[in-house]
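Colleague: When you get a sec, could you give me coordinates for this:
(4 chains)
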2 protein chains.
Amino acid sequence: MNLNVLLNKLKANGYKTTEQRKVILQVLVSNDQNLISVETILSKSKEMNPKTNMSTVYRNLEILEKLDLLYKVIAENGMTLYKLACSDKHHHHLICKGCGKTEVIDFCPLKSLIQLSKEKNFNLTEHKLELYGYCKDCEYNKKQP
Amino acid sequence: MNLNVLLNKLKANGYKTTEQRKVILQVLVSNDQNLISVETILSKSKEMNPKTNMSTVYRNLEILEKLDLLYKVIAENGMTLYKLACSDKHHHHLICKGCGKTEVIDFCPLKSLIQLSKEKNFNLTEHKLELYGYCKDCEYNKKQP
DNA sequence: ATGAAATTGCAAGTTACTTGCAATAAGAAA
DNA sequence: TTTCTTATTGCAAGTAACTTGCAATTTCAT
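Modeller: Predicted coordinates for the structure are as follows:
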């Protein structure tokens, strides 16, 4: 995903192209293989445009998230990490606990995933699988409000 | 997992049995099928012992986590939800987005999980699979510091 | 009963993020 | 190109969810 594609998607949704926005997007584009923190996004943005403000970063991340252009992970310490979303196709990630580097994995069944991470020389230490949805009771209550 | 088992595990690790601790554990024990927030733990604890304090709740949760007696999920809004850990055996959960009720699932491959949630009348809407570990580079750096 | 060590409550502090508002910038329309 | 509406920004103050320091209290082995 490059800068202009992103700016066009934003424009198509009524958002304007500003210097600060361009810089923030540029930072995300050039780190599109790694999960990075807001702190990092801010400091790298400031390198390119010193007047970039924290609120602006948060507000732009919020917009990107709303447009499904952002992938977000909440770390164990409660800190939020971001990267640009890569594609609409369903996929998962290998996430390096050392550097935050991510690798896309195109399919789902766990057995094959474990095999795949071996092939990629990724030392898989933990995994977290959370299934969300509605239980029988809540589903019933949704339909009978 | 009942109250006395928990208190004994704590005792075995040098932690004392206090009124507040008992109450907090009791709240967790009686909600062991649901993920609950700290706010809920605190208010339910206060019902049983009005002088229970927020710091005390946090400090006790910290201890339980350190002893691997607690299962913790960080929700999308950044709030942390807890329940007692159920067993040492590797397993996953179905988590209801409505009420936080959890159901244990004993095996792993995703296909069977989807089948299983159907059998349980759980309307699976999303899932999140995150694989953590170390990439080739970080693994190398760990070995050559 | 005594005393060392753990625990607690309180209040103040911290961190990560949010919000209100006035000033500024973007870009469509005139 | 100027005008004008609307989005965007920076700032500073606010909030939510924890965390911490410390003195007072409680537990429990002796």
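Colleague: longest single strand anywhere in chain A?
Modeller: Longest strand of chain A, by residue count under DSSP state E: strand A:123-134.
Colleague: Direction included, what does that strand pair against?
Modeller: strand B:92-96 (parallel), strand B:123-134 (antiparallel) (DSSP bridges).
Colleague: Spell out which parts of chain A neighbour DNA strand C.
Modeller: Proximity of chain A to DNA strand C is confined to A:11, A:16-19, A:37-39, A:54-55, A:58-59, A:62, A:78-80 under the rule Cβ under 7 Å from any atom of the strand. Any C-beta I mention is one placed from the backbone N, CA and C, and that applies to glycine too.
Colleague: Tell me which entries of these lie within strands.
Modeller: Those of these mapping onto strands are A:37, A:80, per DSSP E.
Colleague: Between the residues of chain A next to DNA strand C, which sits nearest B:S43?
Modeller: Using Cβ to Cβ, A:G78 comes nearest to B:S43 of the residues of chain A next to DNA strand C, at 21.4 Å.
Colleague: My guess is that closest one contacts B:M79. True?
Modeller: No. A:G78 is beyond contact range of B:M79, at 9.2 Å (criterion: Cβ atoms under 8 Å).
Colleague: Neighbour count: those two, which is higher?
Modeller: More crowded of A:G78 and B:M79, by other Cβ atoms under 10 Å in any protein chain shown: B:M79, with 13 against 10.
Colleague: That one and DNA strand D, how far apart?
Modeller: For B:M79, the distance to DNA strand D equals 5 Å [Cβ to the nearest atom of the strand, to the nearest Å].
Colleague: isn't that residue right up against B:L35?
Modeller: No. With contact defined as Cβ under 8 Å, B:M79 does not reach B:L35; the gap is 10.2 Å.
Colleague: So what would you say the end-to-end distance of stretch A:60-74 is?
Modeller: 18 Å (Cα to Cα, to the nearest Å).
Colleague: and it, is it in reach of chain B?
Modeller: Yes. Against chain B, stretch A:60-74 shows contacts by Cβ under 8 Å from any Cβ of the partner chain at A:73-74.
Colleague: which one is the residue positioned nearest the centre of chain A nearest to, not counting chain neighbours?
Modeller: Nearest to the geometric centre of chain A sits A:Y71, at 1.8 Å (Cα atoms, centre = their mean). In space, and not counting its chain neighbours, A:Y71 is closest to A:A85: 4.7 Å by Cβ to Cβ, 6 or more residues apart in numbering or on different chains.
Colleague: neighbours around the one you found, how many?
Modeller: Look at A:A85: counted by other Cβ under 10 Å, it has 16 neighbours.
Colleague: and A:K83, which of the three is it?
Modeller: Secondary structure state of A:K83, per DSSP: H, G, I helix; E, B strand; the rest coil, is strand.
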